[in-house]
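1. Quick one, what's the 3D model for this:
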Amino acid sequence: MNSIDLSPLYRNSVGFDRLASLIDHALTSENAVNSYPPYNIEVLSDNRYAISLAVAGFVQEELDIQVEKGVLTVRGHKNSDEERKYLYQGIANRTFERKFNLADYVEVIDADLFNGLLTITLVKEIPEAMKPKSIAINNNGKVLEHKAEEKRTKEGEVA
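-> Take a look at the predicted model:
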C-alpha cells in the first residue's frame, strides 16, 4: 500500500495540510531507515518530552541542534584529525543527521550532553487563546423579553 486517500479529511477539516504531508513522507521514504544514532523519545509529563540520542565518542563542539519550520535536526560531524588503525571498530563514529517532526506549539527548551547521551527536552506550550475557557452563567434575575409590536392602521387605530 503506497498511498492513502485523504480527501474525506479535506471535506470536513481545514489546516491539516501538514498532517497529510507527514503521512505522505512516511509512506514514500526509503524502506531502509537509517538507525544511527539510536534514540529514545520519552514522555516526562503531559506536556513535556525528552529525546535521548546515543552519541558516544562525540564532544559538544561536534554536535549541532537546529529547529526550523517545525523540524528538529540533530547533526553530528566527527572531526577525525588523526588516523587510527583498528583491529575491530564496533563504535560508529561517523557523521550523522537525524530529523524529528515537531507538533504545533512544541518548543525545544534544553539540551544536555552527559555520559555519551544527548538529551533534548521539549515542552508543548499551548497559547492562552487556544486553551479551553469556562464561561460563567449569570443568575441575576434579568430576563430578556421580546414584546410583539402593536400594529397600527392608517387611521391611527390599534389593530
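2. What ranges does this structure have for its strands?
-> 39-45, 48-54, 63-68, 71-76, 96-101, 106-114, 117-124 (DSSP state E).
3. Pull the residues that contact the third one.
-> Applying C-beta atoms under 8 Å, 6 or more residues apart in numbering, the contact partners of strand 63-68 are 55, 72-77, 102, 107-108, 111, 113, 118, 120. Placement of C-beta: from N, CA and C, glycine included.
4. still on that earlier bit, now render the strands of the chain as a markdown table, adding mean pLDDT.
-> As requested, these are arranged in a markdown table below (pLDDT from 0 to 100):
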| stretch | mean pLDDT |
| --- | --- |
| strand 39-45 | 92 |
| strand 48-54 | 94 |
| strand 63-68 | 94 |
| strand 71-76 | 94 |
| strand 96-101 | 91 |
| strand 106-114 | 94 |
| strand 117-124 | 95 |
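5. Minimum distance to N139: which of these has it?
-> With C-beta to C-beta as the criterion, N139 lies closest to strand 117-124 of the strands of the chain, at 36.7 Å.
6. picking up where we left off before, taking the contacts of strand 63-68 together, which two end up most distant?
-> That would be H77 and E107, which, of those, are the farthest apart (C-beta to C-beta) at 25.1 Å.
7. Looking at these two, which one has more neighbours?
-> Legend: neighbour count by other C-beta atoms under 10 Å for H77 and E107, higher for H77 (14 against 11).
8. which residues sit in contact with the more buried one?
-> H77 neighbours (C-beta under 8 Å, 6+ apart): 62, 64, 95.
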